[in-house]
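[1] requesting a structural model of the entry that follows:
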Amino acid sequence: MKVLLINPSLRQATTGQYDEEVEKSRGVYMSLGLAYIAAVLEREGYEVKIIDCDVEENYKKKIEKIIGDFMPQVVGFYSMTWNYKLATKLVDKIKRIKPDIISVIGGPNVSCLPKESVEFGLFDFGVYGEGELTVVELFNKLAGKSDLAWDQILGLIFKKDGQIIINSPRPLIQDLDSIPFPARHLLPMDKYFDVFSRHRHFATILATRGCPFNCIFCDRKNRMGYNWRIRSAQNIAAEIRQVRNKYGIKEFMFFDDNLIVNKKQGLELCKELEKLDIIWECRNRVNLVDEELLRAMKKAGCYRIRFGFESGDNDILKVLKKGITVEESLATAELCKRIGIEVYGYFMIGSPTETPETIEKTINLALQIDPSFAIFSKTILIPGSELFGYGIQNGQIKSDYWRKYLLGEEINGAPAFSTPELPEELVDEYVKRADRRFYFRFKFILKKLLGIKSLGHLISQAKIGYALIFKTK
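    Residues are numbered from 1 along each chain as shown. You can find the predicted model right below:
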């Protein structure tokens, strides 16, 4: 059986908060989710192709050509909420070209809005939660290699007699080493980049799944669960060797929410990475690293850690259920700098109980930490998050908001948490003000100029800086 997988992203990572200029300038990451699905399907003997709309100049024509030449029996989509409408347009077009093609949709939007994801588009099936095992059972059923009934395939959504049936969720995969490495050979690896990376070409990688923390603004629990799981250090190192040897890539971004939750496992990973002659960055929490671990990370090639500092006010951090303090943020940032690890900071503006005074504290925290880069964003009501439920209870947003967004009846893909005292327009203005105060400092500009490696590097850095400061929606 032949399968075409499509990533309709068009640079979706910022959830619609930034103008197209920012989206184009910040970089493009490969769809690890689709690459994992492709890998398990290839292992089962299926022939797979992937189209990534993020890097194809004329993805519509390429889709038409592959449908005509490759003649896939199944087309699958990886959908976030912000690219769902494009997925529905593409599946509609594909169904007109090849009416008998079977269509499947998966990804975060399906996990957060399972019924709507299958209801609003010409999709025959939906896959929610971790998709690898569900997809294998679904495709084996479609290929006539399985006797499982449709309602026995955990994690599957299907249509029956005009009704949408959502099967029971599938248990999380505990042995992550059992999953094959992402099928990067199906993607144009030379087209992926990040404006903040040190090398022109780099690769993203996932070492873990799940998050044991309870931040109210996040929807991760719907996708990978609270149970944090990590691959063996040897398995992670083997994937890195494969990528390095095949593509010549020596810079990696661990795309995990938190690379290291368990210190012992973190130190084991660092020992393996130390052997590889690579550089890498990751995301982690300020209260999960200490001097011993940071020194081990530095020795293993870690040059940057991205931290979610979020707020400069401890009461706001408690409201967000972040589980950290401002004091921990300052101490960890100082420790990283002393050891020689670059700090990249995320900050949120417009959280519940926020006031102009607490916003000022957040901006001042960013100035005090002085990370290499700071991303200020408004606190948005993401589907599936606890904060979205809070917004419904308080009458700020209607429970069917995201349903209407998928239908195109709502157009704001980043609705901010707001109050009469801090309306969304004012929150947007505070975000712009934070960007300008941070990036328009002589100290910051001089540091960046001294760190420029080439004219191309200077241009890319200037473009993203300009876009962040002047083009934010």
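
[2] going by C-alpha atoms from here, please, whenever you check contacts or count neighbours.
    Will do.

[3] quick one: residue 253 is in a strand?
    Yes - counting by DSSP: H, G, I helix; E, B strand; the rest coil, residue 253 is found in a strand.

[4] for it, give me its contacts.
    202, 203, 204, 205, 280, 281, 282 (CA atoms under 8 Å, 6 or more residues apart in numbering).

[5] can you redo those residues as a markdown table with pLDDT and neighbour count?
    Output for these, formatted as a markdown table (pLDDT from 0 to 100; neighbours: other CA atoms under 10 Å):
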| residue | pLDDT | neighbour count |
| --- | --- | --- |
| 202 | 92 | 26 |
| 203 | 96 | 24 |
| 204 | 97 | 20 |
| 205 | 98 | 20 |
| 280 | 98 | 23 |
| 281 | 98 | 25 |
| 282 | 98 | 23 |
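
[6] quick check: the gap between residue 100 and residue 94.
    10 Å (CA to CA, to the nearest Å).

[7] more crowded one of these two?
    Each of residue 100 and residue 94 has its neighbours counted (other CA atoms under 10 Å); residue 94 has more, 20 against 11.

[8] any idea how far that one is from residue 115?
    In terms of CA to CA, residue 94 sits 22 Å off from residue 115.

[9] ok, now residue 402?
    12 Å.

[10] between those two, which one's more packed in?
    residue 402 (24 against 18).

[11] quick one on the thing from earlier: among the contacts of residue 253, which lie within strands?
    203, 204, 205, 280, 281, 282 (DSSP state E).

[12] the closest residue to the third one other than its chain neighbours: neighbour count?
    Right, residue 205. Excluding the flanking residues, the one nearest residue 205 by CA to CA, 6 or more residues apart in numbering is residue 254, at 5.0 Å. By other CA under 10 Å, 19 other residues sit near residue 254.

[13] what residues are up against residue 254?
    204, 205, 206, 207, 280, 281, 282, 283.

[14] wait, which of those is closest to residue 178?
    Nearest to residue 178, judged by CA to CA, of the contacts of residue 254 is residue 207 at 12.8 Å.

[15] the closest one against residue 259, yeah?
    Yes - at 6.9 Å, residue 207 counts as touching residue 259 under the criterion of CA atoms under 8 Å.

[16] just for this protein, where's the confidence low?
    Along the chain, segments meeting pLDDT under 70 span 10-25, 221-223, 450-473.

[17] let me see the domain layout of it.
    2-166, 196-379+416-439 (automatic domain parsing).

[18] including distance to residue 398, could those go into JSON lines?
    Formatted as JSON lines, the domains of the chain follow (distance: least, CA to CA, whole Å):
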{"stretch": "domain 2-166", "distance to residue 398": "15"}
{"stretch": "domain 196-379+416-439", "distance to residue 398": "13"}
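
[19] the stretch 51-200 of the chain: strands as residue ranges?
    74-78, 102-106, 125-127, 156-160, 163-166, 193-194 (DSSP state E, counting those that start in this stretch).

[20] the last one packs against which elements?
    The criterion is 3 or more CA pairs under 8 Å, 6 or more residues apart in numbering; DSSP states H and E, and the helices and strands that strand 193-194 contacts are strand 27-28.

[21] before we move on, what about the first one?
    Using 3+ CA pairs under 8 Å, 6+ apart as the contact criterion, the elements in contact with strand 74-78 are strand 2-7, strand 102-106.

[22] out of these, which is the most enclosed?
    Highest mean neighbour count among these (mean count of other CA atoms under 10 Å): strand 102-106, with a mean of 24.
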